[in-house]
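Peer 1: Provided below for reference: sequence and predicted model.
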Amino acid sequence: MDISFLVVQILTGLAYGMLLFMISVGLSVIFGLMGIVNLAHGVFFVVGAYLALSVLDMGANFLVALGVAMLAMALLGVMIERFLLFRSYGNELNQVLLTFGLAFVLADVIKMIWGARLQSLPTPAVLDFSVTLAGITFPTYRLAVVLVGCIVAVVLWYLETRTRTGAIIRAGVDDREMVSALGINITLVFAGVFAFGAALAGMGGVLGGPILGMYPDMGFDILVLSLIVVVLGGLGTWKGAFVGGILVGMVQIFGQAYFPSLSLVIVFLLMAVVLLIRPSGLFGRSHAT
Amino acid sequence: MIGRLSGRRVPWPGVAVLTLLVLLLPLVLPPFGVGIATEVFIMAIFAMSLGLILGYAGLVSLGHAAFFGAGAYTVALLGQYVFNTYLLLLSATAVAALLAAISGALFFRSTGAYFLMLTLAFSQVLFAVAFQAEPITGGDDGMSVVAVPDLGFGEIVGELGLYYMMGFAFLGCYLLLRLFVASPAGKVVKGIMENELRMRALGYNTFSYKLFVYTLAGAMAGFAGALYAYFNFYVTPDLLGWVLSGQALIMVIIGGVGTLLGPALGAAFFIVVQNYASFYTEYWALVLGLIFIIFVLLGRGGLMHLLRAVWNRTLPSRFREREDEMEPEEPAAEHQKERTP
């Protein structure tokens, strides 16, 4: 086996895992906190990428496009939470159905605005080269994605364990009613978490744009993978999404390299095995409900 | 007989009206309408099977197409070697039932949103298998169905023949579900949906009841898929994918959760709108998605609930009781009535 092939595969798997981490973390915390599986979360990823494409077309640079896309996704997230999901709090099935309908509608809106064909974002010029080290060539952009993913993880770690907001969210995942009984405005936290999760998903979409590309129905393909990440890692914590994302990313990339016809089956088996050993995921706390 | 056993009659007048409707519909339909109606019957069976687990057992699945597609692929793959229609339909149903029993047994450890994710992931895996096993299934391009439907009185090739085949299959499935829902087992399942803990405390093995109803729904979805293979002459991985699962969910919600005919009505609505809207715009999914969101926001009554409200308002009171008999238990809709001012 070729060492450099192996290293590049690992790097690709890591980069892919980071993208999955960015989309899954919002899904996981929204689910843990509000009890909603946001089926529109995959579409956030894709819409973010398309928005960045439009901004880039206007001549802006990659960072500006990333910022605009993240801001727009946060706004979209708040709007969806306030105007749509807010109406059916206490009825989680209805909320899941609403996000599903939304995913359906948004996929068609994408088709309307950007067309149905496969597109991709250009790799930012600053990072569009390769580093050769000890005979192994690394595409710099993927290294950068891994780095950004790690930074996001550190920021999330800080937010979760060192800030008041993080404490509220951790408490909310464990016992929502108790938190609101303590006089904390939990609905505000809900809106904030929704916006933050959507922005991170959008960020994943933009960063993934040069690697994965995008197409209107991509939202659901990526959603299935991130659902597996969430189930695997456990609910309501960035740690689960981080480790689960890397695991699924690696398995998916190596599966594609060695057993191309079985890659998704292997990912699914991995999830089944983990669930049999730990029903609430790797880092999930067992829920009483 | 079976009706009396359960203490509640199956609404035979309603069944008779439905049968007449199926028999006479082609007389009033325009030529292209027969094909659409045939598709409606197939999708109605599929939607009713999802409606059963959603409305009567409280299991929200987003991977129900797994069973539909499994049935369709069974007919396509096995139909290359076996030509007996009864045998093919039976094996398709059995394959789907087996898949449902195995996946259900594994997934029932998880509830609610976890269950939904697992069903979604399961159907996507089957989708990936059909997509990637190109030598056998033709991959993304799909494969054509060589088996021709023949129920013992010559090959069914004409449009009208297919129409009646699917129409009677639909009636049969409806009757079967009616009998099940009215049976003691059906009531236990409903009890589990309303309060699983209490049913367990009463000594019922809730797991096996849930597994039974899930397997029944899976088998019926597989049957519908097999019929679809005969109807469409062609199967693609899309028949296993989330889009179809989601569409079935949309049919059930628009039609009315917690009723038997509601999902069938929803299927009819969906397919007619799909055909009609795609005539004007390619964004028919947008139209249907918005209608779906509106129905979810309005509450879980669906079309069936609207119809019932109109019916109750227009008919004299002595007919109302009969109406109640037709759709006896209606916790979802009843709940809705209390909430809407």
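Peer 2: Good, I have the coordinates.

Peer 1: quick one: contacts for A:Gly32?
Peer 2: By CB atoms under 8 Å, 6 or more residues apart in numbering or on different chains, the contact set of A:Gly32 is A:173, A:235-237. Using the backbone N, CA and C atoms, a C-beta is placed for each residue, glycine as well.

Peer 1: now, which of these sits nearest chain B?
Peer 2: A:Leu235 (9.0 Å; CB to the nearest CB).

Peer 1: so who does the closest one touch?
Peer 2: Residues in contact with A:Leu235, defined by CB under 8 Å, 6+ apart, are A:28, A:31-32, A:173, A:280-281, A:284, A:287.

Peer 1: buried subset of the residues you listed, written for PyMOL?
Peer 2: Of those, the buried ones go into a single PyMOL selection, burial set by 16 or more other CB atoms under 10 Å in any protein chain shown:
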select buried, chain A and resi 28+31+32+173+280+281+284
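
Peer 1: adding distance to A:Ala241 as columns, could you present the contacts of A:Leu235 in JSON lines?
Peer 2: Output for those, formatted as JSON lines (distance: CB to CB, whole Å):
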{"residue": "A:Ser28", "distance to A:Ala241": "5"}
{"residue": "A:Phe31", "distance to A:Ala241": "11"}
{"residue": "A:Gly32", "distance to A:Ala241": "10"}
{"residue": "A:Val173", "distance to A:Ala241": "13"}
{"residue": "A:Ser280", "distance to A:Ala241": "14"}
{"residue": "A:Gly281", "distance to A:Ala241": "10"}
{"residue": "A:Gly284", "distance to A:Ala241": "11"}
{"residue": "A:His287", "distance to A:Ala241": "17"}
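
Peer 1: excluding its backbone neighbours, what's nearest residue 170?
Peer 2: Unless you meant another one, I'm taking chain A. A:Glu160 (6.5 Å; CB to CB, 6 or more residues apart in numbering or on different chains).

Peer 1: hm, I was asking about chain B
Peer 2: Nearest residue to B:Phe170, sequence neighbours excluded (CB to CB, 6+ apart): B:Phe41, at 4.1 Å.

Peer 1: now the strand or helix carrying that neighbour: buried residues?
Peer 2: Here B:Phe41, judged by DSSP states H and E, is contained in helix B:31-51. Within helix B:31-51, the residues scored as buried using 16+ other CB under 10 Å are B:33-34, B:36-51.

Peer 1: next: stretch B:108-128.
Peer 2: By neighbour count on 16+ other CB under 10 Å, the buried set for stretch B:108-128 is B:108, B:110, B:112-128.

Peer 1: now, which of these lie close to chain A?
Peer 2: Subset of those in contact with chain A: B:110, B:112-114, B:116-118, B:120-122, B:124-125, B:128, counting by CB under 8 Å from any CB of the partner chain.

Peer 1: most widely separated two among those?
Peer 2: Largest separation among these by CB to CB: B:Gly112 and B:Ala128, giving 25.1 Å.

Peer 1: residues near A:Ser54, how many?
Peer 2: Neighbourhood size, A:Ser54 [other CB atoms under 10 Å in any protein chain shown]: 14.

Peer 1: what about it, distance to A:Ala60?
Peer 2: The gap separating A:Ser54 from A:Ala60 is 10 Å, by CB to CB, to the nearest Å.

Peer 1: buried stuff in stretch B:76-88?
Peer 2: In stretch B:76-88, counting by 16+ other CB under 10 Å, buried: B:76-79, B:85, B:88.

Peer 1: kindly format the C-alpha coordinates of it as PDB.
Peer 2: Output of stretch B:76-88 as PDB, limited to C-alpha atoms (Å, rounded to 0.1, in the frame of the first residue of the first chain):
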ATOM      1  CA  ALA B  76     -38.200  -6.600 -11.300                       C
ATOM      2  CA  LEU B  77     -35.400  -9.000 -10.300                       C
ATOM      3  CA  LEU B  78     -37.400 -12.100  -9.600                       C
ATOM      4  CA  GLY B  79     -39.600 -11.500 -12.600                       C
ATOM      5  CA  GLN B  80     -36.700 -12.300 -14.900                       C
ATOM      6  CA  TYR B  81     -37.000 -16.000 -13.800                       C
ATOM      7  CA  VAL B  82     -40.600 -16.400 -12.400                       C
ATOM      8  CA  PHE B  83     -43.600 -15.300 -14.300                       C
ATOM      9  CA  ASN B  84     -46.500 -16.300 -12.100                       C
ATOM     10  CA  THR B  85     -48.000 -13.000 -11.000                       C
ATOM     11  CA  TYR B  86     -49.500 -14.300  -7.700                       C
ATOM     12  CA  LEU B  87     -46.100 -15.800  -6.800                       C
ATOM     13  CA  LEU B  88     -44.300 -12.500  -7.600                       C
END
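
Peer 1: contacts for that stretch?
Peer 2: B:74-75, B:91-92, B:136-137, B:143-152, B:226, B:229-230, B:235.

Peer 1: could you do stretch A:115-135 as well?
Peer 2: By CB under 8 Å, 6+ apart, stretch A:115-135 touches A:4, A:49-50, A:52-53, A:56, A:61-63, A:137-141, A:143-144, A:206, A:209-210, A:212-216.

Peer 1: list the buried residues of that stretch.
Peer 2: A:121, A:123-124.

Peer 1: convert it to PDB, retaining C-alpha atoms only.
Peer 2: What follows is stretch A:115-135 as a C-alpha-only set of coordinates in PDB (Å, rounded to 0.1, in the frame of the first residue of the first chain):
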ATOM      1  CA  GLY A 115     -30.600  25.900 -11.600                       C
ATOM      2  CA  ALA A 116     -30.500  22.200 -11.200                       C
ATOM      3  CA  ARG A 117     -27.000  21.400 -12.400                       C
ATOM      4  CA  LEU A 118     -24.000  20.500 -10.300                       C
ATOM      5  CA  GLN A 119     -21.900  23.500  -9.400                       C
ATOM      6  CA  SER A 120     -19.000  24.100  -7.200                       C
ATOM      7  CA  LEU A 121     -17.100  27.000  -5.500                       C
ATOM      8  CA  PRO A 122     -13.700  28.000  -6.700                       C
ATOM      9  CA  THR A 123     -10.900  27.200  -4.300                       C
ATOM     10  CA  PRO A 124      -9.700  30.500  -2.800                       C
ATOM     11  CA  ALA A 125      -6.600  31.600  -4.600                       C
ATOM     12  CA  VAL A 126      -4.500  32.000  -1.500                       C
ATOM     13  CA  LEU A 127      -4.900  28.400  -0.700                       C
ATOM     14  CA  ASP A 128      -5.000  26.900  -4.200                       C
ATOM     15  CA  PHE A 129      -1.600  25.100  -4.100                       C
ATOM     16  CA  SER A 130      -0.100  22.000  -2.600                       C
ATOM     17  CA  VAL A 131       2.500  21.400  -0.100                       C
ATOM     18  CA  THR A 132       5.000  18.600  -0.600                       C
ATOM     19  CA  LEU A 133       6.500  17.200   2.500                       C
ATOM     20  CA  ALA A 134       8.600  14.000   2.600                       C
ATOM     21  CA  GLY A 135       7.400  13.100  -0.800                       C
END
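
Peer 1: and the strands in the chain?
Peer 2: You didn't say which chain, so I picked chain A. All strands of chain A, identified by DSSP state E, fall at A:130-133, A:136-139.

Peer 1: wait, chain B
Peer 2: Going by DSSP E, chain B shows strands at B:143-144, B:234-235.

Peer 1: pairing partners for the first one, with directions?
Peer 2: Sheet pairing here is set by DSSP bridges, and for strand B:143-144 it gives strand B:234-235 (antiparallel).

Peer 1: roughly how far is the strand it pairs with from the heart of the chain?
Peer 2: Distance of strand B:234-235 from the chain centroid (CA atoms, centre = their mean, to the nearest Å) equals 19 Å.

Peer 1: tell me the average confidence for that strand?
Peer 2: Across strand B:234-235, pLDDT averages out at 92.

Peer 1: mind listing what the residue lying closest to B:Gly191 once chain neighbours are set aside touches?
Peer 2: Nearest residue to B:Gly191, sequence neighbours excluded (CB to CB, 6+ apart): B:Met199, at 4.9 Å. B:Met199 is in contact with B:188, B:191-192, B:206, counting by CB under 8 Å, 6+ apart.
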